[in-house]
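Chemist: Below is the structure, and that's it, no one-letter string:
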């Protein structure tokens, strides 16, 4: 496991993959008590007034968009929707405001309700990538524009041309040929 943690580019690829394609897109929480949440950016209400706080009532359901935070241009920059593992070499200061348990993302959430298995998941992802990328070459078997996401508890790939089918991501896999 220590060896897998010693590859900085592998770490950056995993961080960027989980930032851009978090398996869980949103999470719901229920307020334990009445509270007032300060807002970083005020919003204009139906009454035409700008609001700098948000009132939350006990028992109210709150939807937190993990993908919106992980892909926010205000946090990650104008290229926030692009896959760029090199961004992890020098993160903008705004990223430090994301309270996630790993990688300044909310992919594994934060606080006492964060994913308890996140370390195992990260090591498992790195081990599988390390093993497969050294042995095989991968390519898409369909055009990239045909692949879309189906959101349930976790996001899964499906084909735009076959939306009623099961989850699938058609790949062409060949043994890696060293030159």
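Modeler: That came through, no problem. Since the structure is predicted, the reported quantities are computational estimates derived from the model, not experimental observations. Numbers count the residues shown, from 1 in each chain.

Chemist: Stretch 54-69: how far from the chain's middle?
Modeler: From the chain centre to the centre of stretch 54-69 is a distance of 18 Å (C-alpha atoms, centre = their mean, to the nearest Å).

Chemist: for stretch 162-170, that is, sorry about that
Modeler: In terms of C-alpha atoms, centre = their mean, the centre of stretch 162-170 is set 21 Å apart from its chain centre.

Chemist: how about the strands in this structure?
Modeler: Using DSSP state E, the strands found in the chain span residues 26-30, 35-44, 50-56, 61-65, 136-140, 147-151, 155-159, 171-175.

Chemist: Enumerate the positions of stretch 109-124 that are buried.
Modeler: 109, 115, 118, 121-122 (16 or more other C-beta atoms under 10 Å). C-beta: built from backbone N, CA, C; applies to glycine.

Chemist: What of stretch 5-14?
Modeler: The neighbour-count check on stretch 5-14 (16+ other C-beta under 10 Å) flags 10-14 as buried.

Chemist: Over to stretch 85-93?
Modeler: 85, 87-88, 91.

Chemist: And these, which is closest to residue 61?
Modeler: Taking C-beta to C-beta as the measure, residue 61 sits nearest to residue 91 out of those, at 31.9 Å.

Chemist: ok, the closest residue to residue 74 other than its chain neighbours - contacts?
Modeler: The shortest distance from residue 74 to any non-neighbouring residue, by C-beta to C-beta, 6 or more residues apart in numbering, is to residue 94 (6.7 Å). Taking C-beta atoms under 8 Å, 6 or more residues apart in numbering, we find residue 94 in contact with 74-76.
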